[in-house]
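S.K.: everything below, folded, please.
(one chain, ligands or ions: 2)
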Amino acid sequence: MSKRDVMAYYHIWTIGCQMNQADSEQLAAYLEKLGYQYAHEIEKANLIVLNSCVVRQSAENRVLGKLDSLKELKRLSPDTVVALAGCMVDSEVAQLKHRFPHVDLFLKPGQFNELLELAKARTPKAPDSFTISTLSPTAFVTIIEGCNNFCSYCIVPYRRGREKSHPIAELRCQVESLVQRGVKEITLLGQNVDSYGHDLPDKPGLADLFQELNSIERLSRIRFLTSHPKDMSRKLIQAVASLEKVCEHISLPVQAGDDEILQAMGRGYTVQSYRELVEQIRCAIPTVALATDIIVGFPGETEEQFQRTIELLSDLRFDTVHVAAYSPRTGTSAAKKLKEDVPSLEKKRRLQKVEELQSIVASGINARLSGHTLEVLVEGKKKGKWYGRTRTDKLVFFEDEANWLGQLVNIEVKKTSPWALQGSLKSG
Ligand code: SAM
Ligand code: SF4
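M.R.: Numbering: from 1, shown residues only. Ligands and ions are numbered 1, 2, ... in the order given. As a prediction, the model looks like this:
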């Protein structure tokens with residue numbers, strides 16, 4: 001049998017933010033276009049990609065564990081191509097090669113050309129028509145790469161580079177082709193989507209992009225993340241309030257509830273200005289759901305300062321809170337200049353406090369939805385139940401015999417928890 005008759009399989013393991021997921025989805029689409037098929041079992045694949053994250057030590061440890069587990073596989077089948085992609089890949093590729101000799105390729109975030117050239121050379125056969133194996137009604141679309149903010153704790157700008165927006169016309173084409181494949185909901189991605197367009201010739205903003213995409217027929221929903229509190233404009237809030245396809249869900253990381261800590265983080269806003277922004281958003285979009293991110297145990301964070309974060313969370317009552325313990329990242333200014341003085345047990349305690357509080361808050365917010373009918377886009381089936389999300393990003397489960405995948409359905413909420421809603425299909 002010639003090499004060109006042998007079927008080629010790929011496996012992509014992804015960890016980290018939605019931008020990594022978006023990069024992996026894009027890579028999978030390219031590989032399938034070349035005739036590769038997705039292999040569930042990593043052992044079956046002749047091309048393996050680990051799309052890594054190093055935003056915290058815990059994520060980095062998981063990548064290291066995964067890399068380690070591939071040593072034996074590579075020894076037994078040396079022809080298998082192993083690629084390390086994503087934020088673990090810095091400019092010191094020679095050092096990485098030395099550390100991980102069983103890895104064939106090192107690819108910076110989103111930069112898959114070298115891998116695709118190699119995949120092309122090994123392609124068994126070009127498919128007659130291009131079909132994607134995982135048809136989902138939702139898709140990520142990266143609208144702005146990189147980040148210019150350099151928050152003192154964050155490694156992202158060092159690994160993903162400076163901000164670079166994709167032109168509106170290019171994004172419209174991309175979304176139209178997704179819609180043709182059956183996608184109904186897109187999530188526009190960027191580390192800071194609110195600064196979209198400042199680097200493009202006529203400086204369009206995110207609101208202009210919303211306006212353009214809102215007119216695409218058969219596209220039902222537009223989501224966007226992540227917003228930066230210092231860059232969220234009135235125009236943008238008005239666009240979310242007025243454009244029917246733009247979902248009333250905003251991810252607005254605050255990170256801390258104390259001004260000194262915010263300053264040391266280099267976030268560029270105060271607690272008061274953040275509170276005013278939330279008030280403005282809630283006034284313009286009364287049904288809005290807000291999500292935020294918190295870092296506990298930042299260098300120098302006292303108990304008093306931590307209590308201000310707790311106070312902010314109890315006052316503002318977010319729908320979702322992602323909380324992380326501060327993890328020093330080599331090369332960032334916080335790691336260089338600030339002493340890590342909050343013991344890890346104390347960080348853990350603070351993290352649990354935030355989680356406990358949020359569980360009570362979310363439980364209250366969701367309980368109020370009981371008896372309401374909500375529009376849900378059905379994304380799949382798990383343990384015999386259909387699941388999907390509301391416009392406000394609430395996860396909803398329901399049971400029904402018919403096939404509802406990719407449909408917008410109305411669900412009457414019967415049961416609620418802090419994390420999800422259970423309901424039943426409303427006919428008519
Ligand atoms: N660009 C977004 C923003 O401005 O918040 C989020 C990007 S960041 C990759 C995702 C989250 O990871 C951040 O919101 C922050 O809470 C967390 N994070 C980033 N660096 C961290 C660190 N060194 N230690 C702990 N958490 C960190
Ligand atoms: Fe990291 Fe700050 Fe940029 Fe978000 S805005 S990616 S936290 S540097």
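
S.K.: spell out which residues of this protein are next to ligand 1.
M.R.: Applying CB under 6 Å from any ligand atom, we find that the chain lies next to ligand 1 at 17, 55-56, 153-154, 156, 191-192, 226, 228, 253, 255, 293, 295, 324, 326-327, 329. The way it works is simple: take the backbone N, C-alpha and C, and place the C-beta from them, glycine included.

S.K.: out of these, which are buried?
M.R.: 17, 55-56, 153-154, 156, 191-192, 226, 228, 253, 255, 293, 295, 324, 326-327, 329 (16 or more other CB atoms under 10 Å).

S.K.: show me those residues that map onto strands.
M.R.: Within those, membership in strands is found for 293, 295, 324, as judged by DSSP state E.

S.K.: pick out whichever of the residues you listed sits closest to ligand 2.
M.R.: Each of these was checked against ligand 2 using CB to the nearest ligand atom; the closest is residue 293, at 8.0 Å.

S.K.: pLDDT score assigned to that closest one?
M.R.: On the pLDDT scale, residue 293 is placed at 98.

S.K.: what residues are up against it?
M.R.: Residues near residue 293 by CB atoms under 8 Å, 6 or more residues apart in numbering: 251, 253-255, 321-324.

S.K.: kindly report the same for residue 86.
M.R.: Contacts of residue 86 (CB under 8 Å, 6+ apart): 16, 20, 23, 50-53, 107, 109.

S.K.: tell me how far it lies from ligand 1.
M.R.: 12 Å (CB to the nearest ligand atom, to the nearest Å).

S.K.: tell me the bridge partners for that residue.
M.R.: Here residue 86 shows beta-bridge partners residue 52, assigned using DSSP bridges.

S.K.: follow-up on the earlier one: with pLDDT and distance to ligand 2 added, can I get the contacts of residue 293 in JSON lines?
M.R.: Listed next are the contacts of residue 293 as JSON lines, based on pLDDT from 0 to 100; distance: CB to the nearest ligand atom, whole Å:
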{"residue": "251", "pLDDT": "98", "distance to ligand 2": "11"}
{"residue": "253", "pLDDT": "98", "distance to ligand 2": "7"}
{"residue": "254", "pLDDT": "98", "distance to ligand 2": "11"}
{"residue": "255", "pLDDT": "98", "distance to ligand 2": "8"}
{"residue": "321", "pLDDT": "98", "distance to ligand 2": "16"}
{"residue": "322", "pLDDT": "98", "distance to ligand 2": "12"}
{"residue": "323", "pLDDT": "98", "distance to ligand 2": "14"}
{"residue": "324", "pLDDT": "98", "distance to ligand 2": "11"}
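
S.K.: pull the distance from the helix or strand hosting residue 279 to the chain's centre.
M.R.: Using DSSP states H and E, residue 279 sits in helix 271-284. In this view, helix 271-284 has its centroid 24 Å away from the chain centroid, taken as CA atoms, centre = their mean, to the nearest Å.

S.K.: now it: buried residues?
M.R.: Using 16+ other CB under 10 Å as the test for burial, helix 271-284 gives 271, 274, 277-278, 281.

S.K.: ligand 2 contacts on the protein?
M.R.: Counting by CB under 6 Å from any ligand atom, the residues of the chain near ligand 2 are 147, 149-151, 154, 156-157, 191-192, 228.

S.K.: again, 8 Å this time
M.R.: 147-151, 153-157, 160, 191-192, 226, 228, 253, 255, 266-267 (CB under 8 Å from any ligand atom).
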